[in-house]
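K.L.:
show me how the following folds:
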Amino acid sequence: MVSPNLSKKTDSPLTLIPTTHKLFQIIYGQKLTGAGSGDDESPKIHVSHIVSNLSFLYEKVRNAVDYDDDHLLRKNAIKRILKRQIFIEGAVMDYDSEQISLTLLTELIQAGYLPNDKVPEIKIREVAILLEKYIKLRQSFKEIFPGGLEVASEESNERSRIINWIISLAATEIEEDLNYDKIRIVIVGNLFDTLSKLIKLPPDLPYQKDLDIQIYLSIARNFLKLDREMLSFLVFKYYNDWAVADDNAIENIAAKLPDIEKLVNFQLDHPLNKQIDKIVRRYTLYFSLLTEIIEEDPAKIYNIAGSNPKSFISLIKERCEKKYAKAKSKLWRSGWRSIIYIFLTKSIFVFAIEIPAIKLFGEPLNQLSLAINVCFPAALLLLIILFTPTPNPKNTEKIISGLKEIVYVENERTKPIFLRKPTRRNSLAAFMFNLIYGAAFLLSVFLLIKLLHFIDFNWVSITIFLFFLTFVSFFSFRIKRDIKQYMITEPKENILTFIFDFFYIPIVAMGKFLSDNISKINVFIFILDFIVETPFKIIVSVIEEWTRYLKERKDNLN
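P.N.:
Numbers count the residues shown, from 1 in each chain. As a prediction, this is how the structure comes out:
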């Protein structure tokens, strides 16, 4: 018989942190707005479906030869369109911000970056106002810093770089305008409120005035996934009242642009950014998971979170397991596509370049070395994927602890997170470590060359083998990002991992160096941007006008 003195334990309700409460409200409001709103009757920008199909196909080809993350493609397209209109077409006609805006939005719709018949025509004027300021900024800068043959090459390069930077700033602000998301803005605000209270500097660090902008940039880098160009726009705004700048202010900014660029680059390469990124990456994961859980059913989750914390924790565990499985599945999908791509391109490479090069230099043709060169890069990538670990239960417990910290007042963290003083080695120590690092790379390459010589590789095949080894090693780091973003527990280190990292990390670093520099001299990009795109867009615009003309004639018959 149950004792009458015993009562069933209940799950005590907890208090939601005000910022989390606000997030629930915003998501709930957005759900209601989305469910109840229909299309308004304002005129929309329309493009021909035939033209859209042509432009969409071209954009797929263009992105295939200039790979970038999906969320950056539209910004890159905006920058490309602006550069073509301002640098190429603008050289032979006056700048008209309204016409540039119309062309820009039309081309974005044609390429599938914006929906057809959904973008209101008033957006043309809105974007034109943004563009007008950058056109004035560019013209003022060119007047203050004129070019010409008498200008030294170093100054000329700086001038060209800043003019390109102005285009990047314009593209970023337009993308920001087109990608307005109230929920993301609230999350960024919540992240900043939370982290600015927690992250502190020790007294002997001189960067107190930079701390807020560094936290904000880290949030933009890790949560919003902005690239360097987009981050530079945030810092540019930080140093200027750009939103309210009039003609006089624009002229003053133009005169200071070289100095502003230096300040921007200092903040983007700040000594604290790696430390802050490590902290922000964890909190980005907490807020991203919380947002996904809330979005399923804001009202239901709100009641569970407040009155039944244990059930809420179960939801977090369930969400984590789903995210792990999805990330692993995505890793395998990306991996198999990459393996097939690398295998096919390497096979073509062997027949198109390696075999002709071997014959040209009179080296012996080794069938085994050719087979290894074809198969090894794909096999290496497969092995790396196979041994990529999935986050463990301990990792999930840490995520749960982090989510409770940002959701409940009772679990809110009060102990500050102090940053360390950035490591500054003296010249001798820096020289010695760089020497050891270089020696590790040379030793790795030397041992590989000896092994390849042993199986009768010639120097042409060895060069190609090493190139693909470094490239695939770095590429594997990129495709593992989706699963690594959920891992907040530090991996255990032992003597084997130490030895592996000692020899392997320099190879990955070389792969990154080669990847970054090869992308800068992409011949296909040059051909598409400066030879193909301009005439292609002229043809597309003619087809677009012709379809409009036919539609008008058809309407006149009714």
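K.L.:
strands along the stretch 151-300 of the chain, start to end?
P.N.:
In the stretch 151-300 of the chain, strands defined by DSSP state E, counting those that start in this stretch lie at 199-200, listed in chain order.
K.L.:
distance between the ends of stretch 103-118?
P.N.:
16 Å (Cα to Cα, to the nearest Å).
K.L.:
which of the helices and strands in this structure ranks last by mean pLDDT?
P.N.:
helix 523-527 (a mean of 56; mean pLDDT, DSSP states H and E).
K.L.:
which SS class is the nearest residue to residue 317 once chain neighbours are set aside?
P.N.:
Leaving aside its sequence neighbours, residue 317 sits nearest to residue 396 (Cβ to Cβ, 6 or more residues apart in numbering; 6.1 Å). C-beta: built from backbone N, CA, C; applies to glycine. What DSSP: H, G, I helix; E, B strand; the rest coil gives for residue 396 is helix.
K.L.:
now residue 120: phi and psi?
P.N.:
Main-chain torsions, residue 120, degrees, to the nearest 10: phi -70, psi 150.
K.L.:
didn't it look like it was pressed against residue 43?
P.N.:
Yes. Between residue 120 and residue 43 there is a contact at 7.0 Å, judged by Cβ atoms under 8 Å.
K.L.:
which residues touch stretch 204-214?
P.N.:
196, 199, 201, 235, 238, 267, 270-273, 276, 419, 421 (Cβ atoms under 8 Å, 6 or more residues apart in numbering).
K.L.:
show me where the stretch 401-550 of the chain has its helices.
P.N.:
427-454, 459-479, 481-484, 495-520, 523-527, 533-557 (DSSP state H, counting those that start in this stretch).
K.L.:
distance of the residue nearest to residue 317 relative to residue 412?
P.N.:
Counting by Cβ to Cβ, to the nearest Å, the gap from residue 396 to residue 412 is 21 Å.
K.L.:
do residue 379 as well
P.N.:
Residue 379 sits at a distance of 49 Å from residue 412 (criterion: Cβ to Cβ).
K.L.:
ditto for residue 279
P.N.:
Relative to residue 412, residue 279 is positioned 16 Å away (Cβ to Cβ).
K.L.:
and for residue 300?
P.N.:
Distance, residue 300 to residue 412, by Cβ to Cβ: 24 Å.
K.L.:
between the two, which has more neighbouring residues?
P.N.:
Taking other Cβ atoms under 10 Å, residue 300 and residue 412 do not tie; residue 412 has more neighbours (15 against 10).
K.L.:
and residue 441, how many neighbours does it have?
P.N.:
18.
K.L.:
which residues does the closest residue to it other than its chain neighbours contact?
P.N.:
Nearest residue to residue 441, sequence neighbours excluded (Cβ to Cβ, 6+ apart): residue 506, at 3.5 Å. Residue 506 is in contact with 437, 438, 440, 441, 444, counting by Cβ under 8 Å, 6+ apart.
K.L.:
wait, what's in contact with the last one?
P.N.:
When contacts are counted by Cβ under 8 Å, 6+ apart, residue 444 touches 503, 504, 506, 507.
K.L.:
so how many other residues sit close to the first one?
P.N.:
Burial of residue 503, expressed as a neighbour count using other Cβ under 10 Å, amounts to 15.
K.L.:
what about it, distance to residue 453?
P.N.:
18 Å.
K.L.:
now do the second one
P.N.:
Remark: distance between residue 504 and residue 453 (Cβ to Cβ) = 21 Å.
K.L.:
in terms of neighbours, single out the busier of those two.
P.N.:
Per other Cβ under 10 Å, whichever of residue 504 and residue 453 has more neighbours is residue 504, with 15 against 12.
K.L.:
wait, that one sits on residue 476?
P.N.:
No. Residue 504 lies out of contact with residue 476 (Cβ under 8 Å); the separation is 10.7 Å.
K.L.:
residue ranges with poor pLDDT in the stretch 301-450 of the chain?
P.N.:
Scanning the stretch 301-450 of the chain for pLDDT under 70 picks out 425.
K.L.:
please enumerate the strands of it.
P.N.:
With DSSP E, counting those that start in this stretch as the criterion, the stretch 301-450 of the chain has strands spanning 417-418.
K.L.:
run through the stretch 451-558 of the chain and note the low-pLDDT ranges.
P.N.:
516-538, 540-542, 544-546, 548-558.
K.L.:
what sits against the spatially closest residue to residue 404 that is not a sequence neighbour?
P.N.:
In space, and not counting its chain neighbours, residue 404 is closest to residue 411: 4.2 Å by Cβ to Cβ, 6+ apart. Contacts for residue 411 (Cβ under 8 Å, 6+ apart) come out as 14, 401, 404, 405.
K.L.:
does anything pack onto the longest helix along the chain? Which helices or strands?
P.N.:
Looking across the chain with DSSP state H, the single longest helix is helix 309-349. Applying 3 or more Cβ pairs under 8 Å, 6 or more residues apart in numbering; DSSP states H and E, we find helix 309-349 packed against helix 273-296, helix 298-307, helix 367-386, helix 393-407, helix 459-479, helix 481-484.
K.L.:
now do the buried residues in the third one.
P.N.:
The neighbour-count criterion (16 or more other Cβ atoms under 10 Å) identifies 369-370, 372-374, 376-378, 380-382, 384-385 as the buried residues of helix 367-386.
K.L.:
between those residues, which sits nearest residue 184?
P.N.:
residue 385 (31.1 Å; Cβ to Cβ).
K.L.:
surely that closest one meets residue 331?
P.N.:
Yes. At 6.2 Å, residue 385 counts as touching residue 331 under the criterion of Cβ under 8 Å.
K.L.:
any residues in contact with both of the two?
P.N.:
In contact with both residue 385 and residue 331: residue 479, using Cβ under 8 Å, 6+ apart.
K.L.:
where do the helices of the stretch 101-250 of the chain begin and end?
P.N.:
Under the criterion DSSP H, counting those that start in this stretch, the stretch 101-250 of the chain contains helices at 122-144, 153-178, 182-198, 211-222, 228-239, 247-268.
K.L.:
point out the most buried one among those helices.
P.N.:
Ranked by mean neighbour count under mean count of other Cβ atoms under 10 Å, the helices of the stretch 101-250 of the chain are led by helix 211-222, which reaches a mean of 21.
K.L.:
dump the C-alpha coordinates for that one into CSV.
P.N.:
Only the C-alpha atoms of helix 211-222 are listed here, as CSV (Å, rounded to 0.1, in the frame of the first residue of the first chain):
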residue,chain,number,x,y,z
LEU,A,211,35.2,43.9,-27.9
ASP,A,212,31.6,44.7,-28.9
ILE,A,213,32.4,44.8,-32.6
GLN,A,214,34.4,41.6,-32.4
ILE,A,215,31.5,39.8,-30.7
TYR,A,216,29.1,41.1,-33.3
LEU,A,217,31.4,40.1,-36.2
SER,A,218,31.8,36.7,-34.7
ILE,A,219,28.0,36.2,-34.6
ALA,A,220,27.8,37.3,-38.2
ARG,A,221,30.6,34.9,-39.1
ASN,A,222,29.3,31.9,-37.3
